[in-house]
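K.L.:
Generate a structure from the sequence data that follows.
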Amino acid sequence: MDRILCLLPLSLALCACSVKEDRSACPCELSIRSAEPLMTEGSVLVSVFQEGSIVRQGMLSGEDFDSGKCTVTVPRKPSTVTVFTGITLMSAAGGRWLGIPAEGQCDEVYSCSEPVDPRGDECECTVVLHKNFARLDIAVIGMPEGASLRIEGSVQGYDLLSLDPCEGDFGCEPEENGAGWRLRLPRQRDDSLTLEVASGIGTVGTVPLGAIIAACGYSYDEPDLPDMSVTVDLTRKDAFVRVAGWENGESYSIVF
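P.N.:
Reported below is the predicted structural model:
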């Protein structure tokens, strides 16, 4: 999938207008900015939709977006502005969705969707970004020596208009993080996530990670996804879940 590197030309021909003419057909200069400084590094993908189709889309640096340099020319029609920040490895495919690379993790993306009605010569759209990924820390008790971990799921990216997670194959090995592992998860559509423990002779066990996370009451419908940690005990077939910000880190014990 090709990375969009700069603001693309407007797909509709727009003419300049003088002050004496009917200006209803003239373009509007739409400025897009965040209500707060960006939370993560990486690029920013901005899309402007009108009647369900993209009229402007492009990628710019987080520094340029933070400094107010995102201005696009659009027709004077009701629009939806969507913004994804924190993009490093993910890329836009066909303009309509932001995809996670094969064997890769979700970027530290923050996103938002904002309606705007650019009727004048100039219009400003201020967006409020929400955390659209979750850091997952994993510890495994009773893991055989030399074994490895793999996470598999059914979300491969995000729809750029609705911001909804897009169905697709997701699979990667989490990164080692001290005594455990860490992974950045996209927002999920269901509880189908699995944790596979494998050794040189084959699969040692498959843990229903999505069901374990759901059993503690974690919801992917939250505007800002909390981070979480899961300790899996293969010898006892149970797990402990801790969600950031919940009751001072209260843990939940779950048998699987």
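K.L.:
okay, CA-based contacts and neighbour counts for the rest of this
P.N.:
Will do.
K.L.:
Put the alpha carbons of stretch 45-59 into CSV.
P.N.:
The C-alpha trace of stretch 45-59 is given here as CSV (Å, rounded to 0.1, in the frame of the first residue of the first chain):
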residue,chain,number,x,y,z
LEU,A,45,-3.4,11.9,7.8
VAL,A,46,-6.2,14.4,7.0
SER,A,47,-9.3,13.5,4.9
VAL,A,48,-12.2,15.7,3.8
PHE,A,49,-15.3,13.9,2.7
GLN,A,50,-18.4,15.4,0.9
GLU,A,51,-21.4,13.2,0.1
GLY,A,52,-19.4,10.1,1.1
SER,A,53,-16.5,10.8,-1.3
ILE,A,54,-13.0,12.2,-0.6
VAL,A,55,-12.4,15.7,-2.0
ARG,A,56,-9.1,16.3,-0.2
GLN,A,57,-6.7,13.9,1.5
GLY,A,58,-3.1,14.1,2.4
MET,A,59,-0.3,13.4,4.9
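K.L.:
Mind checking the pLDDT average for stretch 126-138?
P.N.:
Averaged across stretch 126-138, pLDDT comes to 97.
K.L.:
Endpoint to endpoint, it covers what distance?
P.N.:
Length of stretch 126-138, first residue to last, CA to CA, to the nearest Å: 37 Å.
K.L.:
Quick check: buried residues in it?
P.N.:
Across stretch 126-138, burial judged by 16 or more other CA atoms under 10 Å covers 127, 129, 130, 131, 132, 133, 134, 135, 136, 137, 138.
K.L.:
Not counting it itself, show me its contacts.
P.N.:
32-36, 83, 106-114, 180-187, 223-232 (CA atoms under 8 Å, 6 or more residues apart in numbering).
K.L.:
Just the buried ones among those, please.
P.N.:
With neighbours counted using 16+ other CA under 10 Å, the contacts of stretch 126-138 contain these buried positions: 32-34, 83, 106-113, 181-187, 224-232.
K.L.:
And stretch 193-201, what's buried?
P.N.:
193, 194, 195, 196, 197, 198.
K.L.:
for stretch 148-167, same thing?
P.N.:
Residues 148-161, 163-166 are the ones in stretch 148-167 that count as buried (16+ other CA under 10 Å).
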